[in-house]
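1. need a structure here:
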Amino acid sequence: MKYMKLTAKERNRHPSIHYTGSVSGMKKLGYWGKNDICVRCGAYIYNLTIIIKGG
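-> Residues are numbered from 1 along each chain as shown. As a prediction, this is how the structure comes out:
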């Protein structure tokens with residue numbers, strides 16, 4: 001997992017989970033793709049592969 005600084009605009013454009021959450025669980029359940037790019041910024045992990053419309 002990479003650590004990266006994201007702007008507020010970038011944080012609003014991508015789905016996230018709290019760092020205590022399970023990235024492998026999100027991928028296993030199919031909410032996030034197996035090969036999605038995930039980075040940690042502060043207390044949250046962001047999925048940079050998915051873009052939220054209107055964000």
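
2. Based on its surroundings, how many neighbours for residue 31?
-> Neighbour count for residue 31, taken as other C-beta atoms under 10 Å: 13. For the C-beta atoms, the positions are set from N, CA and C on the backbone; glycine is no exception.

3. The residue nearest to residue 32 when sequence neighbours are not counted: neighbour count?
-> The shortest distance from residue 32 to any non-neighbouring residue, by C-beta to C-beta, 6 or more residues apart in numbering, is to residue 26 (4.4 Å). Residue 26: 18 surrounding residues under other C-beta under 10 Å.

4. and residue 26, which of the three is it?
-> helix (DSSP: H, G, I helix; E, B strand; the rest coil).

5. now the residue positioned nearest the centre of the chain, what's its secondary structure?
-> Nearest to the mean C-alpha position of the chain, by C-alpha atoms, centre = their mean, lies residue 46 at 1.9 Å. When classified by three-state DSSP, residue 46 comes out as strand.

6. what does stretch 28-40 rub up against?
-> The contact list for stretch 28-40, computed with C-beta atoms under 8 Å, 6 or more residues apart in numbering, reads 1-4, 6, 15, 19, 23, 26-27, 45-50.

7. no, scratch that, I was asking about stretch 7-25
-> 1, 6, 26, 32, 38, 40-41, 43-48, 50-52, 55.

8. switch the cut-off to 6 Å
-> Applying C-beta atoms under 6 Å, 6 or more residues apart in numbering, the contact partners of stretch 7-25 are 38, 43-48, 50-52, 55.

9. where's residue 12, which helix or strand?
-> For residue 12, the element it lies in under DSSP states H and E is helix 8-13.

10. partners of the next helix or strand after that helix, with directions?
-> Counting by DSSP H and E, the next helix or strand C-terminal to helix 8-13 is strand 16-18. Sheet pairing for strand 16-18, assigned by DSSP bridges, gives strand 44-47 (antiparallel).

11. from the middle of its chain, how far away would the strand it pairs with be?
-> Put simply, strand 44-47 sits 3 Å off its chain's centre (C-alpha atoms, centre = their mean, to the nearest Å).
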